[in-house]
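Visitor: Need coordinates for the following:
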Amino acid sequence: MKPISLLSVLMLTSSLTASAQLKMPGVKWSDAYSFDAYTDMKIDFFAKGNELMRTFNYKTWYNAGETGIQRVNEVLNIPEGNFMVIMDAPQKGSDIQTIFDMKNTTAVQIFGSDNPEPMYNAGGFKYPSGDEIKKLELVATDETRTIAGHLCKKYTYIYKKIFGEAWITREVKLPNDFGIFRAAKMSALHNTLSEEGFVMEMTSEDSRGGKTVMTTLSVGNKGKITVELPKSKMGTALNKVSYFTF
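Guide: Presented below is the predicted three-dimensional model:
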């Protein structure tokens, strides 16, 4: 399970409260972003013995468009329009909002978004190519189940010492980057699937007994949200990273 964070990226600014900051050339973003639909999800972390340790709630906001879905780049299998992932952490001050500006290839992150004074950072990203595109091979089963009102089929997988299952539906026409699969990419060890469809639930276990269960609660929810970004408080990252490491 990878955190949606840029903590591993060196930040260029030394003080987020300074009135003037040095900016990396080519890192561009808008003053505000607005969205009108969202997917609601949760992620449960279990210790050995199936003991629930903590739960994170996620929302992914996007713009639905006239057809109720967002266009997808057929080559890279990623959204063409902007979207935002909100991680609601159990601890105060740990929430993270990540806005993906697909046109400018920039990810804007707001750390501690539930604090009076959050930390802002913008970093460029690059799309994968060649060997960077890693497909997780799924094995189909005959099991079916309804999750959040959508009929799903069960698949299993093994990736090195990690194993689990994925419940996929063909009834939801959204890219998987709007769902729990983004949170399950495990730091870009895999970034696409061998089967088509939208992942409604995914379980990952390791040889030590730890388990993560990621569940879609609802899709296609209507709403309105606008995030305004203060230029004076925005820091920028030095280096571009792979789109799938966010």
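
Visitor: Tell me which helix or strand the spatially most central residue of the chain sits in.
Guide: In the chain, the centroid-proximal residue (C-alpha atoms, centre = their mean) is Arg182; its distance is 4.2 Å. Using DSSP states H and E, the element containing Arg182 is helix 180-183.

Visitor: next helix or strand past the lowest-mean-pLDDT helix or strand in the chain?
Guide: Counting by mean pLDDT, DSSP states H and E, the chain has its least confident helix or strand at strand 72-73, which shows a mean of 79. Next in sequence after strand 72-73, counting helices and strands by DSSP H and E, comes strand 78-79.

Visitor: In this model Met84 seems to touch Met102, though I could be wrong.
Guide: No. Met102 lies out of contact with Met84 (C-beta atoms under 8 Å); the separation is 11.5 Å. For glycine as for every other residue, the C-beta is placed from the backbone atoms N, C-alpha and C.

Visitor: out of the two, which sits in the busier spot?
Guide: Neighbour count, other C-beta atoms under 10 Å: between Met102 and Met84, Met84 has more, with 21 against 18.

Visitor: Surely that one is in a strand?
Guide: Yes. Applying DSSP: H, G, I helix; E, B strand; the rest coil, one finds Met84 inside a strand.

Visitor: so what's it bridging to?
Guide: On the basis of DSSP bridges, Met84 is bridged to Trp61, Ile99.

Visitor: The nearest residue to Lys154 once chain neighbours are set aside is in what secondary structure piece?
Guide: With sequence-adjacent residues excluded and distances taken as C-beta to C-beta, 6 or more residues apart in numbering, Lys154 is closest to Glu143, at 4.0 Å. Assigned by DSSP H and E, Glu143 belongs to strand 139-147.

Visitor: Remind me what that strand packs against, helices and strands.
Guide: strand 150-159, strand 162-169 (3 or more C-beta pairs under 8 Å, 6 or more residues apart in numbering; DSSP states H and E).

Visitor: can you put those in CSV and add mean pLDDT, mean neighbour count and distance to Ala37?
Guide: Conversion of those to CSV gives the following (pLDDT from 0 to 100; neighbours: other C-beta atoms under 10 Å; distance: least, C-beta to C-beta, whole Å):
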stretch, mean pLDDT, mean neighbour count, distance to Ala37
strand 150-159, 96, 17, 16
strand 162-169, 94, 21, 17
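
Visitor: Using PDB, write down the CA coordinates of the helix holding Arg182.
Guide: Coordinates of the C-alpha atoms in helix 180-183 are reproduced here as PDB (Å, rounded to 0.1, in the frame of the first residue of the first chain):
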ATOM      1  CA  ILE A 180      -9.400   2.100  -4.900                       C
ATOM      2  CA  PHE A 181      -7.000   0.600  -7.400                       C
ATOM      3  CA  ARG A 182      -5.000   3.900  -7.300                       C
ATOM      4  CA  ALA A 183      -4.400   3.300  -3.500                       C
END
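
Visitor: what mean pLDDT does it have?
Guide: Taken as a whole, helix 180-183 has a mean pLDDT of 87.

Visitor: I'd like the next helix or strand past it.
Guide: That would be, after helix 180-183 and using DSSP H and E, strand 192-193.

Visitor: on contacts alone, who are the packing partners of that following strand?
Guide: Using 3+ C-beta pairs under 8 Å, 6+ apart, strand 192-193 sits against strand 135-136.
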